[in-house]
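> Next one to model:
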Amino acid sequence: QLQLVESGGGLVQSGGSLTLSCVASGSRLDSYAIGWFRQAPGERREGVSYIRRGGGPTAYANSVLGRFTMSSDNAKNTVYLQMNNLEPEDTATYYCAASASYDVGSFHAVVYEHWGQGTQVTVSS
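Prediction:
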């Protein structure tokens with residue numbers, strides 16, 4: 001059974017950077033499509049980026065395009081989300097997710113079967 005654990009969140013000033021990690025256990029991450037999502041209080045969960053199973057071009061939400069970069073290290077079974085030039089609007093709990101059934105990945109949370117517990121990112125103005 002795949003398990004995902006996110007880390008790397010914290011408090012940062014506007015314009016700062018953070019790198020989130022998502023470590024997988026129980027199965028190889030490159031066997032899944034992987035997505036990063038975020039959810040602010042009172043808001044619906046929003047897709048941030050995703051990559052299809054086996055790698056390939058990464059998709060980004062317009063709100064983070066040019067500021068966030070998703071990458072992976074198969075040897076460490078870990079996916080990263082590098083976040084630069086952070087804005088207060090980026091404040092949210094960030095989750096990584098994995099889908100075995102939807103190979104190409106998606107911004108739609110419903111296609112992902114496995115989720116981490118989330119890591120909080122707070123950006124102060």
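> My read is that Tyr80 contacts Cys22, right?
Yes. Taking CB atoms under 8 Å as the definition, Tyr80 is a contact partner of Cys22 at 7.4 Å. C-betas here are computed from N, CA, C, even on glycine.
> Pick out whichever of those two has more residues nearby.
Cys22 (27 against 18; other CB atoms under 10 Å).
> Does the more buried one touch Asn77 like I think?
No. With contact defined as CB under 8 Å, Cys22 does not reach Asn77; the gap is 9.5 Å.
> the residue most distant from the middle of this structure, which is it?
Ser125 (22.7 Å; CA atoms, centre = their mean).
> ok, that residue - contacts?
For Ser125, the contact set (CB atoms under 8 Å, 6 or more residues apart in numbering) comprises Ser14, Pro88.
> any idea how far the residue most central in space within the chain lies from Ser72?
Centroid-nearest residue in the chain, with CA atoms, centre = their mean: Trp36, separated by 2.3 Å. Going from Trp36 to Ser72 by CB to CB, to the nearest Å gives 11 Å.
> Mind listing what's buried along the strand or helix carrying the residue nearest to the centre of the chain?
Element membership for Trp36 (DSSP states H and E) is strand 33-39. Buried positions in strand 33-39, judged by neighbour count with 16 or more other CB atoms under 10 Å: Ala33, Ile34, Gly35, Trp36, Phe37, Arg38.
> same thing with stretch 93-111?
Buried residues in stretch 93-111, counted by 16+ other CB under 10 Å: 93-99, 102, 105-107, 109, 111.
> same check, this time on stretch 42-49
Neighbour counts using 16+ other CB under 10 Å place Arg45, Glu46, Gly47, Val48, Ser49 of stretch 42-49 among the buried residues.
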